[in-house]
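Peer 1: Give me a 3D structure for the following:
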Amino acid sequence: MKKAFEALLRSRKFLVAVLDVIFSLTLFFVGKYALPTIFEDVQIVIGAMQPVALFLIGAIAYEDGQEKRSGALRRL
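Peer 2: A predicted model of the protein is given here:
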């Protein structure tokens, strides 16, 4: 179990997902409570960033799959 958790923390896909959540939540709450006049703009920015993060995760997964297929998967 410990090795699985360590591997998860080293995963680029997991780190991108966590950073996306942190960034989105920060923007959301700053926009909602600190600057309520720009809350709608903040929602648009968050909505625009989500596909970028998902595309990046997909690209990393594709890259990892290609490395695994070629037998060149790096060991962490």
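Peer 1: what about this protein, any weak spots by pLDDT?
Peer 2: 72-76 (pLDDT under 70).
Peer 1: let's see it at 90
Peer 2: Residue ranges of the chain with pLDDT under 90: 1-10, 30-32, 34-40, 42-43, 64-76.
Peer 1: Run through the neighbouring helices and strands of the longest helix anywhere in it.
Peer 2: The longest helix of the chain (DSSP state H) is helix 39-70. Here helix 39-70 touches helix 12-29, going by 3 or more CB pairs under 8 Å, 6 or more residues apart in numbering; DSSP states H and E. C-betas here are computed from N, CA, C, even on glycine.
Peer 1: Alpha carbons of the helix it packs on, as CSV, please.
Peer 2: Provided in CSV are the C-alpha atoms of helix 12-29 (Å, rounded to 0.1, in the frame of the first residue of the first chain):
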residue,chain,number,x,y,z
ARG,A,12,2.6,13.3,-13.4
LYS,A,13,-1.1,12.8,-14.1
PHE,A,14,-2.0,12.9,-10.4
LEU,A,15,0.1,16.0,-9.8
VAL,A,16,-1.5,17.8,-12.7
ALA,A,17,-5.0,16.8,-11.4
VAL,A,18,-4.1,18.0,-7.9
LEU,A,19,-2.7,21.3,-9.1
ASP,A,20,-5.8,21.8,-11.3
VAL,A,21,-8.1,21.3,-8.3
ILE,A,22,-6.0,23.7,-6.1
PHE,A,23,-5.9,26.3,-8.8
SER,A,24,-9.6,26.1,-9.5
LEU,A,25,-10.6,26.2,-5.9
THR,A,26,-8.3,29.1,-5.2
LEU,A,27,-9.7,31.1,-8.1
PHE,A,28,-13.3,30.1,-7.2
PHE,A,29,-13.1,31.2,-3.6
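Peer 1: gap between that helix and the chain center?
Peer 2: Here helix 12-29 is found 6 Å from its chain centre; the criterion is CA atoms, centre = their mean, to the nearest Å.
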